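**Q** Fold the following.
(one chain, ligands or ions: 2)
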Amino acid sequence: MYHYYCLNPISEVGIDAMTENYVPVSDPKKADALLVRSAGMHDMEFSPELKAIARAGAGVNNIPLERCAEEGIVVFNTPGANANGVKELVVAGMLLASRDIIGGINWVQENEEDGNIAKDTEKAKKAFAGCELEGKKLGVIGLGAIGGLVANAGIHLGMEVFGYDPYVSVDAAWRLSRNIHHAKTVDELYKNCDYITLHVPATESNRGMIDKNSLGLMKKGVVVLNFARDVLVNEEDMIDALESGQVKHYVSDFPTPVIAGVKGAIVIPHLGASTAESEDNCARMAVRELMDYLEYGNIKNSVNYPDCDMGMPGDNKRIVLLHYNKPNMLGQFTKILADDNMNIADLSNKSKGAYAYTMIDIDSDIPANVERDLRNIKGVLKVRVLN
Ligand SMILES: NC(=O)c1ccc[n+]([C@@H]2O[C@H](COP(=O)([O-])OP(=O)(O)OC[C@H]3O[C@@H](n4cnc5c(N)ncnc54)[C@H](O)[C@@H]3O)[C@@H](O)[C@H]2O)c1
Ligand SMILES: O=C(O)[C@H](O)COP(=O)(O)O
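**A** Ligands and ions are numbered 1, 2, ... in the order given. Next comes the predicted model:
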């Protein structure tokens with residue numbers, strides 16, 4: 001029996017995918033697993049019971065990843081599961097910044113009582129005219145799940161697209177249209193583009209990447225779109241750039257007290273992934289990842305531990321260990337098993353930065369003293385014996 005707790009409402013599709021072995025609890029401290037969307041977790045204390053956190057979404061800046069790793073808690077996300085939802089809203093954002101659709105709709109609402117509205121429209125509409133996307137230059141920073149889709153969509157819209165991502169994965173690179181220009185430096189993209197859209201994670205090094213220096217390199221009248229995270233943009237610098245006309249519009253999916261209501265800012269209430277399809281995809285993937293880890297110890301799409309998959313243990317017993325990535329950990333594990341005359345049927349060991357994960361299948365029962373001795377090894381963070 002596994003206990004779970006949802007810190008945010010998660011699509012029923014995910015909850016329905018759980019078997020009867022999964023029971024919701026009313027106290028997160030009693031949970032084996034937490035499901036979360038954007039709820040802030042940095043101030044949460046975790047109980048020793050907690051084994052995993054699944055973020056039904058992409059961004060994990062709301063989760064203390066390092067502390068979770070130290071406490072032997074595996075954190076998952078759902079890469080790509082909401083990418084199409086975000087891509088479609090980015091296209092809408094480019095259109096909203098190009099024509100005054102919002103101003104036009106407001107005008108119609110303000111004049112709803114006007115019996116001559118059809119005729120007056122033809123005079124009023126010139127105030128809301130704009131430009132087309134076709135032929136304009138689009139710069140995409142970050143070419144992962146979302147940025148790749150946005151860059152390809154730009155090509156389909158007839159835009160000239162520049163992509164910048166020095167860390168792009170091979171798989172993501174394969175998905176890109178060959179018509180996308182490969183920007184070797186981000187400055188090249190800043191200097192050339194009419195629309196610049198951010199699709200990078202909110203890591204320490206990316207915070208404030210759009211500031212007065214980068215804004216100063218951009219073309220006058222540029223449109224900047226941010227569907228990634230508010231902290232990537234220095235909002236005070238953005239306000240100056242909007243006031244001076246350096247930036248025509250800043251389209252953001254992240255309202256903050258600083259940017260909400262600023263002239264020229266088009267701010268959306270974090271709706272990028274709020275579609276039925278994205279919510280279902282994320283919940284389904286998050287629950288699948290949790291169940292595979294809790295029941296079989298397999299790790300797929302973790303952001304703080306390495307991926308490691310040994311399928312199902314069959315008739316073997318499986319023991320899994322979360323530990324530091326340092327010399328002689330495996331040697332110590334196998335010695336304890338050998339001293340108890342246990343035979344290893346299968347073994348996998350993977351590392352990611354400072355942390356590592358070992359899965360061991362044994363063709364006999366695993367006695368409590370072996371589990372205890374493994375747990376007592378210095379550098380072991382969590383041990384689980386799976387039945
Ligand atoms: N608005 C929303 O509702 C919404 C929804 C999903 C994701 N997001 C945000 O979008 C971000 C990206 O999501 P994704 O699914 O595309 O993630 P992803 O991991 O698939 O792609 C991120 C890409 O950014 C690249 N990158 C990192 N730092 C970079 C830098 N300094 N310059 C250029 N490229 C850099 C990485 O190499 C990677 O290819 C998430 O981290 C999240 O914060 C927002
Ligand atoms: O990082 C993400 O996946 C998005 O920002 C979506 O967040 P949400 O699940 O809270 O809508």
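**Q** What about the residue of the stretch 201-350 of the chain found nearest ligand 2, how many residues nearby?
**A** Ligand 2 sits closest to residue 273 of the stretch 201-350 of the chain, with a gap of 3.7 Å, by C-beta to the nearest ligand atom. Backbone N, C-alpha and C define where each C-beta goes, glycine included. Using other C-beta atoms under 10 Å, the number of residues around residue 273 comes to 27.
**Q** wait, doesn't it sit right on residue 86?
**A** Yes - Residue 273 sits in contact with residue 86 when judged by C-beta atoms under 8 Å, with a separation of 6.2 Å.
**Q** Enumerate every residue touching the residue of the stretch 201-350 of the chain closest to ligand 2.
**A** 57, 58, 82, 85, 86, 279, 282 (C-beta atoms under 8 Å, 6 or more residues apart in numbering).
**Q** among the residues you listed, which ones are buried?
**A** Neighbour counting by 16 or more other C-beta atoms under 10 Å classes 57, 58, 82, 85, 86, 279, 282 among the contacts of residue 273 as buried.
**Q** Am I right that residue 133 is in contact with residue 159?
**A** Yes - counting by C-beta under 8 Å, residue 133 touches residue 159, with 5.7 Å between them.
**Q** which parts of the stretch 51-200 of the chain sit against ligand 1?
**A** Within reach of ligand 1 by C-beta under 6 Å from any ligand atom, the stretch 51-200 of the chain has these residues: 57-59, 79, 82-83, 86, 141-147, 164-165, 167-168, 172, 199-200.
**Q** For PyMOL, what selects the buried ones among those residues?
**A** The following PyMOL line selects those of these that are buried, judged by 16+ other C-beta under 10 Å:
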select buried, resi 57+58+59+79+82+83+86+141+142+143+144+145+146+147+164+165+168+172+199+200
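**Q** Count the residues that sit near the residue of the stretch 151-300 of the chain found nearest ligand 1.
**A** Across the stretch 151-300 of the chain, the shortest distance to ligand 1 (C-beta to the nearest ligand atom) belongs to residue 272, at 2.5 Å. Other residues near residue 272 come to 24 when the count uses other C-beta under 10 Å.
**Q** Not counting residues beside it along the chain, what's closest to it?
**A** Distance criterion C-beta to C-beta, 6 or more residues apart in numbering; nearest residue to residue 272, sequence neighbours excluded, is residue 86 at 4.0 Å.
**Q** Checking my notes, that neighbour in a helix, right?
**A** Yes - the assignment for residue 86 by DSSP: H, G, I helix; E, B strand; the rest coil puts it in a helix.
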